[in-house]
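Visitor: A structural model of the following input is requested.
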Amino acid sequence: MMSRMAGFKFATVCCCFLALAACSKKNTPSLDGGAGGAGGLNGGAGGVAQPGSKRDFSENVGDRVFFIVDQSNLTPEAQDTLSKQAQWLQQYGNVTVQVEGHSDERGTREYNIALSARRATAARNFLIEHGVPGKRISSIAYGKERPASLCDAEECWSQNRRAVTVITGGAN
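Guide: Reported below is the predicted structural model:
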């Protein structure tokens, strides 16, 4: 009986140690300047994103635009964000991107794939019309397969109706 109790105490102590170790884990720098760590290697001491980095793009320009239900037309807010993206991409001419189209969970898989493809294409075309060479921009449609938010309400659905511009190469 005593050895069983000692084993239980040992296991309890180990679990507590692991929990404390996990809580005390220090932030590690991110090599791509993205989220994670204490500002990342490209972030600087104050957490400021290095110009031309993925973090700079997502934090200072904006990497996503949102759509109205069943629409692929760009809202004025989306056009403003995409204009900023186009300016940034023109400034950093070596950067390539992929525009990901998404939809909320309502509707069939086929409908949402088609809708998200139209959304990605609308964002891609806007960037091209604003001076970004088409060869630097690919697009993909995910439909409802990669939700940003999960719940059965408009607050989540509105976050899932989006196009996200993801840097795929060339950023420092």
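
Visitor: quick one, helices of the chain?
Guide: Taking DSSP state H as the test, the helices found in the chain are 2-23, 54-56, 76-91, 109-129, 154-160.

Visitor: Pull the contacting residues for Ile113.
Guide: 141-143 (CB atoms under 8 Å, 6 or more residues apart in numbering). In short, each C-beta sits where N, CA and C put it, glycine included.

Visitor: hmm, 6 Å instead?
Guide: 141, 143 (CB atoms under 6 Å, 6 or more residues apart in numbering).

Visitor: and if you look at the one 4 residues further on?
Guide: When the contact criterion is CB under 6 Å, 6+ apart, the partners of Ala117 are 101, 141.

Visitor: Look up how far Tyr111 lies from it.
Guide: Using CB to CB, to the nearest Å, we find Ala117 at a distance of 11 Å from Tyr111.

Visitor: ok, now Gln79?
Guide: To Tyr111, Gln79 is 25 Å away according to CB to CB.

Visitor: ditto for Asn125
Guide: Applying CB to CB to Asn125 and Tyr111 gives a distance of 21 Å.

Visitor: To what extent is the closest residue to Leu115 other than its chain neighbours buried, counted in neighbours?
Guide: Nearest non-adjacent residue to Leu115, counting by CB to CB, 6 or more residues apart in numbering: Ser103, 5.0 Å away. Residue neighbour count, defined by other CB atoms under 10 Å, stands at 31 for Ser103.

Visitor: Please tell me I have it right and Ser103 contacts Arg119.
Guide: No - between Ser103 and Arg119 there is no contact, the gap being 7.5 Å when judged by CB atoms under 6 Å.

Visitor: joint contacts of the two?
Guide: What both Ser103 and Arg119 touch, as defined by CB under 6 Å, 6+ apart, is an empty set.

Visitor: If you average pLDDT over each of the helices of the chain, which is lowest?
Guide: Least confidently modelled of these is helix 2-23, at a mean of 47 by mean pLDDT.

Visitor: need the contact list for Ser123.
Guide: For the record, residue 123 is Ala, not Ser. 99, 163.

Visitor: now do Ala122
Guide: The contact partners of Ala122, by CB under 6 Å, 6+ apart, come to 72, 74.

Visitor: that older thread, now the phi/psi pair for the residue nearest to Leu115, please.
Guide: phi -140, psi 170 (degrees, to the nearest 10).

Visitor: what does Arg106 give?
Guide: Dihedral angles of Arg106 (phi, psi; degrees, to the nearest 10) stand at phi -80, psi 140.

Visitor: Thanks a lot, catch you later.
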